[in-house]
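Chemist: Sequence and predicted structure are below.
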There are 2 protein chains.
Amino acid sequence: MGFIIDGKIIARSIKEDIKEQVNSLRENKYIPKLAIVRIGDNSSDISYEKSIVKACADVNIETEKITLDNDIDTTKLQNIIKLLNDRDDITGIIVFRPFPSNIDENLIRNTIDIDKDVDCMHPINLERIFEGDYTGFTPSTSKAALLALIKSGVELEGKKIAIINRSMVVGKPLAMMLLSNNATVTICHSKTKDLKSITRSSDIVITALGRAKYLDKDYFNKDSIVIDVGVSLDSDGKISGDVDFSDVLDNVKMLTPVPGGVGSITTCVLLENTIKAALKQRTLI
Amino acid sequence: MGFIIDGKIIARSIKEDIKEQVNSLRENKYIPKLAIVRIGDNSSDISYEKSIVKACADVNIETEKITLDNDIDTTKLQNIIKLLNDRDDITGIIVFRPFPSNIDENLIRNTIDIDKDVDCMHPINLERIFEGDYTGFTPSTSKAALLALIKSGVELEGKKIAIINRSMVVGKPLAMMLLSNNATVTICHSKTKDLKSITRSSDIVITALGRAKYLDKDYFNKDSIVIDVGVSLDSDGKISGDVDFSDVLDNVKMLTPVPGGVGSITTCVLLENTIKAALKQRTLI
């Protein structure tokens, strides 16, 4: 049977490290504080907000919730972000996306202080990832997939890795991070032909298709390491990854479950970024 | 025998298109003008400058050469670029790289007006490429490799393409452009294991290794389309690509020569970018 990579265990160990860092900052009278900006009240945003607030509380990071009406315009949202940029007590800012359609996303992305941009939204921070420069922040989901591998002791140098996703929130930043780790990366997507032959001949497969149980054991080999970033509902209405877990587990080397895999690590990346932002602010004082 | 992709013929046809566009701008009393900033006088910069001036003259784009001492400091260089940013008659700017070691490259890259940045140096323009947004400019060499394929009628959608290079001037931007064209892209580099099996199983191979005649026919299959971006000297001191041309040509479908291949198209991309910049300035008037 393949080894199940437990995202919750990885998350716990990352959180312990972060808590130590926060406590050491607090001993120096420096308190990291994350501003969480939510527009409107759709249920997934509210549940994400709750999980962030709880995760921050767990590691002694303070939070401030800013809740805005769904019909806010771009200029007003920019002004709110600018106020947060200017406040010394706010060390990091996350603005939930996607934005309502009346908001100019590009203007908002360019408004956030690049040193408080814990969700890696500003083009300058994304461009750093493109260059392999990790002095800025990292997109949460891409970094969580990377951490699932690294924290499981998987060596990346020289490995053939297939990524099934080419978005700016998963596939592209992840490809750049894997290249920085000296992996050979293939980026696959909906137009890829003969996906099976590509995934079968890869050492590691990272998938973020969003199609429940789409990948069965034929897509892998017995030494495959499989990181499942997909989250969708299966035909029984249950949360499922892209991988048909019960079919695949016996036929690969390592596999992340859904839920309890990469998703459990995502919030930790936000916490890591929040500490990084706090340290950036600290050097500015 | 494989088909030889003739970069000079492709370049000629692109230049004709550009010349028409310039003439139509000139009829409207609007004259594109490229500022070429060269620091110091190493011979490759001087020869690049000459080729740009000639190419611009061929298509009726005006040029202005700015030659600076090798010991110029960052602030002075920034001030010169700012003056060029502010001049209405200058519609595009290229500053030759690499910079002398005393220059802060990052500050310079961020100084150039993003709408005059015909060499795609500004992080904002590079980030656009990362996102698949082509409203900005494109790095010359990456785009030249892409044009060698497109202008030869090569269909890219669904094709497996191996790129041997992961730099910011060739491999990474090229990978993003090929993804935008719905190709499946594998990025290879010095740490890649079993390169041969990857290139042999690809439909298209684009190489920018810089090792003369490194790739012989064993790296390809009879249907391979090979784009050679490498330029180096072989053991006889002759300019050569990465591909052992005489060994490979009979055993693949299409191949670019060196010289006379991708290199011949590179300057055309700079001209295309210069027209694009001129049109951006025009909308600002």
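Modeler: The structure has been received and is ready for your questions. Every value quoted in this text rests on a predicted model; they were computed, and no experiment measured them.

Chemist: C-alpha from now on. contacts and neighbour counts both.
Modeler: Noted.

Chemist: So what's the residue count around the residue in the stretch 1-150 of chain A that chain B sits nearest to?
Modeler: Going by CA to the nearest CA, chain B is nearest to A:Glu127 of the stretch 1-150 of chain A, at 4.8 Å. Residues contacting A:Glu127 under the criterion other CA atoms under 10 Å in any protein chain shown number 23.

Chemist: dump the residue contacts of the residue nearest to it when sequence neighbours are not counted.
Modeler: Computed as CA to CA, 6 or more residues apart in numbering or on different chains, the closest residue to A:Glu127 that is not its neighbour in sequence is B:Glu127, at 4.8 Å. With CA atoms under 8 Å, 6 or more residues apart in numbering or on different chains as the criterion, the residues that contact B:Glu127 are A:Pro123, A:Ile124, A:Leu126, A:Glu127, A:Phe130.

Chemist: Most neighbours among those, which one is it?
Modeler: A:Leu126 leads those on contacts (other CA under 10 Å) with 28 neighbours.

Chemist: I figured that residue hits A:Cys120, correct?
Modeler: Yes. If you go by CA atoms under 8 Å, A:Leu126 and A:Cys120 touch, sitting 6.4 Å apart.

Chemist: who touches both of those two?
Modeler: Joint contacts of A:Leu126 and A:Cys120 (CA under 8 Å, 6+ apart) are A:Thr138.

Chemist: Please name the bridge partners of the residue nearest to A:Phe3 when sequence neighbours are not counted.
Modeler: Among residues not flanking A:Phe3 along the chain, A:Met254 sits closest, at 4.6 Å (CA to CA, 6+ apart). Residues in a beta bridge with A:Met254, per DSSP bridges, are A:Phe3, A:Ile225.

Chemist: wait, A:Met254 sits on A:Leu149?
Modeler: No. Applying CA under 8 Å, one finds A:Met254 not in contact with A:Leu149, separated by 9.7 Å.

Chemist: Which one's more surrounded, those two?
Modeler: A:Met254 (24 against 21).

Chemist: Tell me who's in contact with that one.
Modeler: Counted by CA under 8 Å, 6+ apart, A:Met254 has contacts A:Gly2, A:Phe3, A:Ile4, A:Ile5, A:Asp223, A:Ser224, A:Ile225, A:Val226.

Chemist: residues from chain A in reach of chain B?
Modeler: Applying CA under 8 Å from any CA of the partner chain, one finds that chain A approaches chain B through A:123-124, A:126-127, A:130-131, A:157-159, A:166, A:168, A:172, A:179, A:182-189, A:191-193.

Chemist: out of these, which are buried?
Modeler: A:123-124, A:126-127, A:130-131, A:157-159, A:166, A:172, A:179, A:182-189, A:192-193 (16 or more other CA atoms under 10 Å in any protein chain shown).

Chemist: mind listing which of the residues you listed are in strands?
Modeler: A:Thr184, A:Val185, A:Thr186, A:Ile187, A:Cys188 (DSSP state E).

Chemist: Chain B: which of those residues is nearest?
Modeler: For these, the nearest to chain B is A:Thr186 (4.0 Å; CA to the nearest CA).

Chemist: tell me which residues form a beta bridge with that closest one?
Modeler: A:Ala162, B:Thr186.

Chemist: Report the mean confidence score over the longest helix along chain A.
Modeler: What stands out as the longest helix in chain A, according to DSSP state H, is helix A:262-284. Model confidence over helix A:262-284, given as mean pLDDT, is 92.

Chemist: who are the neighbours of the helix or strand harbouring A:Leu25, in terms of helices and strands?
Modeler: Here A:Leu25, judged by DSSP states H and E, is contained in helix A:7-27. Judged by 3 or more CA pairs under 8 Å, 6 or more residues apart in numbering or on different chains; DSSP states H and E, helix A:7-27 is in contact with helix A:262-284.

Chemist: rerun at 10 Å
Modeler: Helix A:7-27 sits against helix A:43-58, helix A:140-150, helix A:262-284, with contacts defined as 3 or more CA pairs under 10 Å, 6 or more residues apart in numbering or on different chains; DSSP states H and E.

Chemist: ok, A:Ile52 touching A:Cys268?
Modeler: Yes. If you go by CA atoms under 10 Å, A:Ile52 and A:Cys268 touch, sitting 9.2 Å apart.

Chemist: Break chain A down into its domains, please.
Modeler: Domain assignment for chain A by automatic domain parsing gives A:29-117, A:140-263.

Chemist: so how far is the longest one from its chain's centroid?
Modeler: Per CA atoms, centre = their mean, to the nearest Å, the displacement of domain A:140-263 from the mean C-alpha position of its chain is 14 Å.

Chemist: for it, how far is the first residue from the last?
Modeler: 10 Å (CA to CA, to the nearest Å).

Chemist: Please apply the same query to the first one.
Modeler: Taking CA to CA, the span from the opening residue of domain A:29-117 to its closing residue is 22 Å.

Chemist: Please state the offset of that domain from the chain centre?
Modeler: For domain A:29-117, the distance to the chain centre is 16 Å (CA atoms, centre = their mean).

Chemist: Please name the nearest non-neighbouring residue to A:Leu249.
Modeler: A:Gly2 (5.3 Å).

Chemist: for A:Gln21, same thing?
Modeler: Nearest non-adjacent residue to A:Gln21, counting by CA to CA, 6+ apart: A:Ile275, 7.8 Å away.

Chemist: Can you get me a residue count around that neighbour?
Modeler: Neighbours of A:Ile275 (other CA under 10 Å): 25.

Chemist: Buried ones in the helix or strand bottoming out on mean pLDDT in chain A, by neighbour count?
Modeler: Here the helix or strand of chain A ranked lowest by mean pLDDT, DSSP states H and E is helix A:262-284, holding a mean of 92. Across helix A:262-284, burial judged by 16+ other CA under 10 Å covers A:262-281.

Chemist: related to what we said a few turns ago, can you pull the pLDDT of the residue nearest to A:Phe3?
Modeler: pLDDT, A:Met254: 98.

Chemist: That one and A:Val37, how far apart?
Modeler: Taken as CA to CA, the span from A:Met254 to A:Val37 is 37 Å.

Chemist: next one: A:Gly237
Modeler: 30 Å.

Chemist: repeat for A:Leu107
Modeler: With CA to CA as the criterion, A:Leu107 and A:Val37 are 16 Å apart.

Chemist: what about those two, which has more around it?
Modeler: Between A:Leu107 and A:Val37, counting by other CA under 10 Å, A:Val37 is the more crowded of the two (20 against 14).

Chemist: Okay, and which of the contacts of B:Glu127 map to helices?
Modeler: Per DSSP H, the contacts of B:Glu127 map to helices at A:Pro123, A:Ile124, A:Leu126, A:Glu127, A:Phe130.

Chemist: and which of those is nearest B:Lys76?
Modeler: B:Lys76 has its nearest neighbour among the ones in helices among the contacts of B:Glu127 in A:Ile124, at 24.2 Å by CA to CA.

Chemist: Test my guess that the closest one contacts B:Asn106.
Modeler: No. Assessed by CA under 10 Å, A:Ile124 is found out of contact with B:Asn106, at 11.6 Å.

Chemist: what do those two both touch?
Modeler: Overlap of the contact sets of A:Ile124 and B:Asn106 (by CA atoms under 10 Å, 6 or more residues apart in numbering or on different chains) consists of B:His122, B:Pro123.

Chemist: did I read that right, A:Ile66 in a helix?
Modeler: No. Looking at A:Ile66 with DSSP: H, G, I helix; E, B strand; the rest coil, it is strand, so not inside a helix.

Chemist: What's the local residue count around it?
Modeler: So A:Ile66, with other CA under 10 Å, has 12 neighbours.

Chemist: Same check on A:Asp45?
Modeler: With other CA under 10 Å as criterion, A:Asp45 counts 16.

Chemist: That one contacts A:Ile94, doesn't it?
Modeler: No. Using CA under 10 Å, A:Asp45 is not in contact with A:Ile94, being 12.0 Å away.

Chemist: Highest mean neighbour count out of the domains of chain A?
Modeler: Comparing those by mean neighbour count (mean count of other CA atoms under 10 Å in any protein chain shown), domain A:140-263 comes out on top with a mean of 21.
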